[in-house]
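Participant: Fold the following and give me the result.
(one chain, ligands or ions: 1)
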Amino acid sequence: MANPDRDAILARLATVPGPDGGGDIVSLGLVSDILVNGGKVMFSITVDAARAATLEPLREQASAAVRALPGVESALVILTAEKKGGAQPAAAAPPPRPAKPSAPTSASGKPGVPGVGAIVAVASGKGGVGKSTTAVNLALALAANGLKVGLLDADIYGPSVPRLLGLSGRPQTVDGRTLKPMEAFGIKAMSMGFLVEEETPMIWRGPMVMSALTQMLREVAWAPLDILVVDMPPGTGDAQLTMAQQVPLAGAVIVSTPQDLALIDARKGLAMFRKVDVPILGIVENMSYFLCPHCGTRSDIFGHGGARHEAERLGVPFLGEIPLELAIRETSDSGNPIVASDPAGTYAATYRSIATMIWEGVSGGTGAKAPPRIVIE
Ligand SMILES: Nc1ncnc2c1ncn2[C@@H]1O[C@H](COP(=O)(O)OP(=O)(O)OP(=O)(O)O)[C@@H](O)[C@H]1O
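Facilitator: Numbers count the residues shown, from 1 in each chain. Okay, the predicted model is just below:
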């Protein structure tokens, strides 16, 4: 059976009256972007925080309306209480558009970035595990799931986002100060790689790194975004810790390979985010197994399942496994990542399913630390 389409879902939701009985929840701009994953439909309805408890029937009515559509197996409907001071609206008066789920911008009370819903770090305990490749493909997968996505390359010493997205050139300024992010495959991106020549030695001392990161976070016209993915520098040293502290993160995703060593490093990554009170959204096992392109045989060259066990042991979600795959390497190294170049393929589907879990983690509270103000069916 064909997947339910978003327009049909919106049309059905337009029959649900608004909280005060006037208008409908779609034309009142209360419905977020709608995520459809197979027969599963997810969206949120923005309501006044003070009335959230009494609006349960509204949520149930919207859920029942969507569930009645052919092809819908389940509907995850969240009442999102709009909260001032967290994810703030864009500076300019925003045109009426569907409200975004106001995901927690910061677990630690740091000021959010105006117009940016949730900021999520993709990190690894050590280099070379495919963190940047994973971050780029996840950003594209979140966009493929219907979200407005930005990608910030915080790997100031070794920026790889320009290459992975096939981008070059310099960003323009909007008003002489704010930078316009670059764009590729429908996502916005910013990286130190756009601002300095490739040959420039990256001898940034601590404070300079921080000011570069702050600028890329706060002096870039990101809004409006549902989610900003931050490709963190590898490792768990002081620089990473400071970054994790400075960026108002809604959560972190840890990328690891199955090797023991990488897992030990991944544990350090988890510990680092916990130290600064950032919820762990889960672990992704990259280069998990090798599928022979000739005979289709699967080989667990690095051992397999380590990250899943480790995630279970540590009580954090296991988000999925990405195989060691020539096509993943070739496409990302040539600036045409697999989620964009082969959107109908199995690897793109894997990244999209991980992206769905990440978004559920930030908007629905399935991460290690659930935000308290969201009601889930
Ligand atoms: N699942 C995969 N299958 C095949 N190759 C991969 C996979 N993931 C990443 N790679 C390749 O591994 C290399 C390292 O990947 P990447 O640059 O993403 O790692 P990283 O962890 O971000 O590295 P660094 O620590 O240097 O920033 C790249 O050539 C990339 O194409």
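
Participant: hey, let's count contacts and neighbours off CA atoms from now on
Facilitator: Fine.

Participant: bridging residues for I322?
Facilitator: I322 has these beta-bridge partners by DSSP bridges: N286.

Participant: can you count the residues close to it?
Facilitator: 20 (other C-alpha atoms under 10 Å).

Participant: Then R177?
Facilitator: So R177, with other C-alpha under 10 Å, has 11 neighbours.

Participant: Contact partners for the nearest residue in space to it that is not next to it in sequence?
Facilitator: The shortest distance from R177 to any non-neighbouring residue, by C-alpha to C-alpha, 6 or more residues apart in numbering, is to E219 (7.1 Å). Residues in contact with E219 (C-alpha atoms under 8 Å, 6 or more residues apart in numbering) are 177-179.

Participant: Same question for A65.
Facilitator: For A65, the contact set (C-alpha under 8 Å, 6+ apart) comprises 12-13, 16.

Participant: can you pick the most crowded of these?
Facilitator: Neighbour max across these (other C-alpha under 10 Å) = L13, 21 neighbours.

Participant: tell me the contacts of that one?
Facilitator: L13 makes contact with 24-26, 62, 65-66, according to C-alpha under 8 Å, 6+ apart.

Participant: do the longest helix seen in the chain and the ligand meet at all?
Facilitator: Scanning the chain for the longest helix, with DSSP state H as the assignment, gives helix 346-364. No: for helix 346-364, no contact with the ligand is found by C-alpha under 6 Å from any ligand atom; the gap never falls below 9.3 Å.

Participant: now that helix: mean pLDDT?
Facilitator: Helix 346-364 comes out with an average pLDDT of 93.

Participant: and if you look at stretch 189-197?
Facilitator: 83.

Participant: could you check whether that stretch is close to the ligand?
Facilitator: No: judged by C-alpha under 6 Å from any ligand atom, stretch 189-197 and the ligand are separated, with a smallest distance of 12.8 Å.

Participant: Check the offset of that stretch from the chain's centre.
Facilitator: 21 Å (C-alpha atoms, centre = their mean, to the nearest Å).

Participant: Stretch 319-337 too?
Facilitator: 18 Å.

Participant: tell me which residues in the helix or strand containing A11 are buried?
Facilitator: A11 belongs to helix 6-13 when assigned by DSSP states H and E. Across helix 6-13, burial judged by 16 or more other C-alpha atoms under 10 Å covers 9-10, 12-13.

Participant: Can you tell me what sits against stretch 18-28?
Facilitator: Stretch 18-28 is contacted by residues 10, 13-17, 31, 45, 55, 58, 98 when judged by C-alpha under 8 Å, 6+ apart.

Participant: Inside helices: which ones of those residues?
Facilitator: Going by DSSP H, the helices hold 10, 13, 58 from the contacts of stretch 18-28.

Participant: Quickly name whichever of the residues you listed is closest to V116.
Facilitator: L10 (23.5 Å; C-alpha to C-alpha).

Participant: The closest one: what's it in contact with?
Facilitator: If you count contacts by C-alpha under 8 Å, 6+ apart, L10 has them with V26.

Participant: Show me where the stretch 251-377 of the chain has its strands.
Facilitator: For the stretch 251-377 of the chain, the strands defined by DSSP state E, counting those that start in this stretch occupy 251-256, 280-291, 298-299, 318-324, 374-376.

Participant: The first one to strand 280-291, inter-axis angle?
Facilitator: Our comparison of strand 251-256 with strand 280-291, counting by axes from the mean of the first three to the mean of the last three C-alpha atoms, to 10 degrees, yields an angle of 30 degrees.

Participant: Strand 251-256 - what's its average pLDDT?
Facilitator: Averaging pLDDT along strand 251-256 gives 93.

Participant: follow-up on the earlier one: CA atoms only: put the helix holding A11 into PDB for me.
Facilitator: The C-alpha trace of helix 6-13 is given here as PDB (Å, rounded to 0.1, in the frame of the first residue of the first chain):
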ATOM      1  CA  ARG A   6       1.300  14.800   3.500                       C
ATOM      2  CA  ASP A   7      -1.300  16.700   1.600                       C
ATOM      3  CA  ALA A   8      -4.000  14.200   2.400                       C
ATOM      4  CA  ILE A   9      -3.000  14.300   6.100                       C
ATOM      5  CA  LEU A  10      -3.100  18.100   6.100                       C
ATOM      6  CA  ALA A  11      -6.500  18.100   4.400                       C
ATOM      7  CA  ARG A  12      -7.800  15.700   7.100                       C
ATOM      8  CA  LEU A  13      -6.300  17.800   9.900                       C
END
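
Participant: wait, doesn't Q240 sit right on Q246?
Facilitator: No: counting by C-alpha atoms under 8 Å, Q240 does not reach Q246; the two are 9.8 Å apart.

Participant: so which of the strands of the stretch 251-377 of the chain is the most packed in?
Facilitator: Across the strands of the stretch 251-377 of the chain, averaging neighbours per residue (mean count of other C-alpha atoms under 10 Å) puts strand 251-256 on top, at a mean of 29.
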